[in-house]
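Visitor: Have a look; sequence and predicted model below, questions after that.
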Protein chains: 2
Amino acid sequence: MCARGATVAVDLMSGDAGAQAALPACLALLQARPLSRVVLVGTTDALRATEAWPAEVQTRVRCVTATEVVTMDDSIEVALRRKKNASLRVAIEQLKADPASGTMADVCVSAGNTGALMAVARYVLKTMPGIDRPAIATVMPNDRNGDTTVLDLGANVDCTPEHLLQFALMGSALVTAVDDIPAPSVGLLNIGEEMIKGSDTIKRAGELLREAGERGWIHFIGNVEGNDIFKGTARVVVCDGFVGNVALKASEGLARMISAMLREEFSRSPLTKLAALAAMPVLNRFRQRVDPRRYNGAALLGLRGLVFKSHGSADAFAFENALLRAHDAASHQLLDRIQACIHDSLAPAAPIPAGPDSVMPAA
Amino acid sequence: MCARGATVAVDLMSGDAGAQAALPACLALLQARPLSRVVLVGTTDALRATEAWPAEVQTRVRCVTATEVVTMDDSIEVALRRKKNASLRVAIEQLKADPASGTMADVCVSAGNTGALMAVARYVLKTMPGIDRPAIATVMPNDRNGDTTVLDLGANVDCTPEHLLQFALMGSALVTAVDDIPAPSVGLLNIGEEMIKGSDTIKRAGELLREAGERGWIHFIGNVEGNDIFKGTARVVVCDGFVGNVALKASEGLARMISAMLREEFSRSPLTKLAALAAMPVLNRFRQRVDPRRYNGAALLGLRGLVFKSHGSADAFAFENALLRAHDAASHQLLDRIQACIHDSLAPAAPIPAGPDSVMPAA
C-alpha cells in the first residue's frame, strides 16, 4: 500500500462543539500522521487559534475563511441556496482544484447535519459515473475484535437491487482501502440465511451480488442477519438506508441503556460503590473497547470526491478518529479504488468465468 | 381488570430442550397462578412425568397425546401437510371447541419454529375479520424500567400502510391487556421524527395512524427512531417485519457481544478475577436486569385464537416467562380487546371528532 500522506479539508464549525473539538483533533492528526496536511475552514476567530501551534506543524496547515455556519436545524434548502459561504460548503469545495494554484484537498471532513452535508456534497461534487445514489457507510465493532462496515445508513430509503449492488462494490473498496484487505467478505442483510427469504428486492439483490461474486468483483458470502453485524460474519454488510439507520440507532440506544444500567447498579449503595472501585481498571478497559467515539467517521461514498461525516456531538477525541479514518482512506486511494470497482461492473457483461468444475481435464 | 384464570394449551415438544424445559415451566405457571389450567400436548413418555406432580395441581391439568414433533428444520410444507399429529398443531387445535366436551383452551404456547407455527396457526385458526396479515409482537426492555412492545417481527416483509395501521391497533390492545394501560402510546418506526421522513409507505402509514389517533382508536405520538425502542419513548413501536426482525436480531447480537466483552475483561488476569469476585453481586443484579429470558414470549396477533411463541432455545425459566405472559394476556381478554379495536376501525368512517378549537363558544 502507498504510504503517502493526504490533505484533509476540515469544516471546523459545524459540530455541536465547533472549533473547540475540531482544532485539537486537527493538531492530533498532524502529529499522528507526519505526512498529512490540512486545510482548515472556519471563521477568522476560529482560525486564529492555530497561531499557537508548533512551527513544524504550521507548515502543513492552510487556512480558508468561511463566514457562515450550517446549523443542525437548517433545511437542505437553506444549506444549498442561502449559505453559499458556509464552512461546510467551502470545505467540500476544497476537493475541487483551485483554478489559480491548482491545489486541492484529497478528502473533506465535516460534522454538519447529514441531510445538508449529503445534499451540498452531491451538488458541488456530483455523483460518480455508474452510481445512481451515494451511500453512507459506517463501522460497528464486532466480536472478533475487528469491525463491520455497514451501508447504507440513511441516504436512501427505497433501494433497487442495482443500488444495493453498487453499495456492495463501494463498501468492499472502502474496507480494502482502509483495512488493507484485498477481498473483504460481503453479506446481504436479510431476515434469514436461506436464499428464499426477504422481499423481491432483496431476493433480486442477492442474485446480483452472487453474480458479482462469480465475476470476482466482490467476495460475496450470502445473506446475513442482524446479529451477524456484531458477530463479524461479514466485513461488509449491505442494506437499504432505512433498515441500516434503524439497526444503527437501535444499537446505539441499547448500548446506552446497558451502560446506564451498569452505572446504576454500581452506584446503588456504599458497598456497590466500593465494588466499583475494585473493578475500576476492568470497567475502564471495557468502556474503552465499546467507546462509540472510536468508531466515529462515516464515509459518503459514490461522489466524485471523498467526504467523511463526523458525529454532530463529537468531542476532540471522536473528531480525531474521524480525521484519521478519512486521512488513511484518502492516502490509500479510496476514490480511485471505488472508481475502478464501478468501472469493472459497468463493462459490457462478459461471460462469468468458469469454476474449477468446468475446467477440461489435462490431456 | 378481570382476574379470572385462563387455560393454556402447551406444546411440550417443539423447543430445543423439549419437555425438559416445558414441563417444569408448566408446573411453575400452575403454582404461580392459582386459577390457571393447562392442557399439556406431548408424547406419552413426556406426559408421564406429570404423575409426580402435587395432587392439587393435577386437578388443573389435562393431557393430550401427540405422536409427532415439528423440528426447527421442517419446512412449512412439511408442518402443514405431513405432520398432522404434531404437538405444535394439536396444541393449536386446543383453541377450537371440542365437539364432544365443548371445552377449549384460551391460549396456546409453542417453542416451534416461527414459520411453521405461523403457517399452522393461520391454517387452523384463520385470521380475524379485518386483518390481512397476522403480526408477531415481542417486548424489549427500556431505560424507564419498563418494556417496549415492537411489531411486526418477521411475519411480513412487505407491508402496506393499512397493514401497519392494523399492527398499531393490535399492539395497542396487547399492551392494554397485559400491562393494564388504557391507552398506551404508539410510535411509528422511522428514520427521523419529522413527518416528511421515510418512504411513501411510511409517510402514508403515518397519516393513517394520525387519523386513528384523532378518532380515539390509539394514542399515536408520531414517528420514533431506532434508539427510541430502548428509551421507552413509546410503549408500542410499529414497523414492517423486515425492519423489526433486523432491529431485534441486531440488538440480540450487540447484547451478546457486550456481555462477552465484559466477561473477557473480568477474566483477563488473577487481579481482574479478584475484581470480578468483589463486583459479583452487582454484576449478577445487572445480568438479571438484561436477562433476555425475562422477555421471552412473542404474541402472534390477528388470528381467531391466541398463540404465543417461546424462543426455540428457551430453558425452563424462559419458557415459564412465555407461559405467564400468555396466561395473563388471555385472562385479560386480549382476543376480545383486539377484536373490539379492529371492529371499531372497520365501521363506516365517521367524521373525526372535533378538537377543542372547533367547539362553538357558549352563548
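Guide: Structure's in. What do you need? Nothing here was measured: the structure is a model prediction, and the numbers come from that model.

Visitor: the helices in chain A, which residues?
Guide: Under the criterion DSSP state H, chain A carries helices at the ranges A:19-32, A:44-48, A:55-58, A:76-77, A:87-93, A:114-125, A:161-179, A:200-214, A:228-231, A:241-266, A:270-290, A:316-331, A:334-346.

Visitor: what's the offset of the fourth one from the middle of its chain?
Guide: What it means is helix A:76-77. 22 Å (C-alpha atoms, centre = their mean, to the nearest Å).

Visitor: What are the neighbouring residues in contact with whichever residue of the stretch 1-150 of chain A sits closest to chain B?
Guide: The stretch 1-150 of chain A approaches chain B most closely through A:Asp143 (5.0 Å), counting by C-beta to the nearest C-beta. Heads up, the C-betas are built off the backbone N, CA and C, glycines and all. A:Asp143 sits next to A:Phe230, A:Lys231, A:Gly232, B:Arg256, B:Met257, B:Ala260 when contact means C-beta atoms under 8 Å, 6 or more residues apart in numbering or on different chains.

Visitor: Ok, A:Ala326 next?
Guide: By C-beta under 8 Å, 6+ apart, A:Ala326 lies in contact with A:Val8, A:Val107, A:Cys108, A:Val109, A:Gly297, A:Ala299, A:Leu306, A:Phe308.

Visitor: How about the fifth one: what's its closest non-neighbour residue?
Guide: Looking back up the chat, that one is A:Gly297. A:Ala322 (3.3 Å; C-beta to C-beta, 6 or more residues apart in numbering or on different chains).

Visitor: Now do the contacts for the one you found.
Guide: With C-beta under 8 Å, 6+ apart, A:Ala322 has these contacts: A:Ala25, A:Val109, A:Ala111, A:Asn296, A:Gly297, A:Phe308, A:Lys309, A:Ser310, A:His311, A:Ala314.

Visitor: Turn the residues you listed into JSON lines, including distance to B:Glu207, pLDDT and neighbour count.
Guide: Shown next, in JSON lines, are the contacts of A:Ala322 (distance: C-beta to C-beta, whole Å; pLDDT from 0 to 100; neighbours: other C-beta atoms under 10 Å in any protein chain shown):
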{"residue": "A:Ala25", "distance to B:Glu207": "43", "pLDDT": "97", "neighbour count": "31"}
{"residue": "A:Val109", "distance to B:Glu207": "39", "pLDDT": "98", "neighbour count": "29"}
{"residue": "A:Ala111", "distance to B:Glu207": "34", "pLDDT": "96", "neighbour count": "30"}
{"residue": "A:Asn296", "distance to B:Glu207": "36", "pLDDT": "93", "neighbour count": "27"}
{"residue": "A:Gly297", "distance to B:Glu207": "37", "pLDDT": "93", "neighbour count": "28"}
{"residue": "A:Phe308", "distance to B:Glu207": "36", "pLDDT": "97", "neighbour count": "26"}
{"residue": "A:Lys309", "distance to B:Glu207": "31", "pLDDT": "96", "neighbour count": "28"}
{"residue": "A:Ser310", "distance to B:Glu207": "35", "pLDDT": "96", "neighbour count": "29"}
{"residue": "A:His311", "distance to B:Glu207": "32", "pLDDT": "92", "neighbour count": "21"}
{"residue": "A:Ala314", "distance to B:Glu207": "36", "pLDDT": "94", "neighbour count": "24"}
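
Visitor: ok, of the residues you listed, which one's closest to chain B?
Guide: Set against chain B, the nearest of the contacts of A:Ala322 by C-beta to the nearest C-beta is A:His311 (13.3 Å).

Visitor: Tell me if I'm right that that closest one and A:Gly112 touch.
Guide: No. If you go by C-beta atoms under 8 Å, A:His311 and A:Gly112 don't touch, sitting 11.0 Å apart.

Visitor: Which residues are in contact with each of these two?
Guide: Counting by C-beta under 8 Å, 6+ apart, the common neighbours of A:His311 and A:Gly112 are A:Gly15.

Visitor: Export the helices of chain A to JSON lines and append columns for distance to B:Val186.
Guide: Putting those into JSON lines (distance: least, C-beta to C-beta, whole Å) gives the following:
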{"stretch": "helix A:19-32", "distance to B:Val186": "38"}
{"stretch": "helix A:44-48", "distance to B:Val186": "45"}
{"stretch": "helix A:55-58", "distance to B:Val186": "55"}
{"stretch": "helix A:76-77", "distance to B:Val186": "29"}
{"stretch": "helix A:87-93", "distance to B:Val186": "36"}
{"stretch": "helix A:114-125", "distance to B:Val186": "26"}
{"stretch": "helix A:161-179", "distance to B:Val186": "31"}
{"stretch": "helix A:200-214", "distance to B:Val186": "27"}
{"stretch": "helix A:228-231", "distance to B:Val186": "28"}
{"stretch": "helix A:241-266", "distance to B:Val186": "17"}
{"stretch": "helix A:270-290", "distance to B:Val186": "32"}
{"stretch": "helix A:316-331", "distance to B:Val186": "34"}
{"stretch": "helix A:334-346", "distance to B:Val186": "42"}
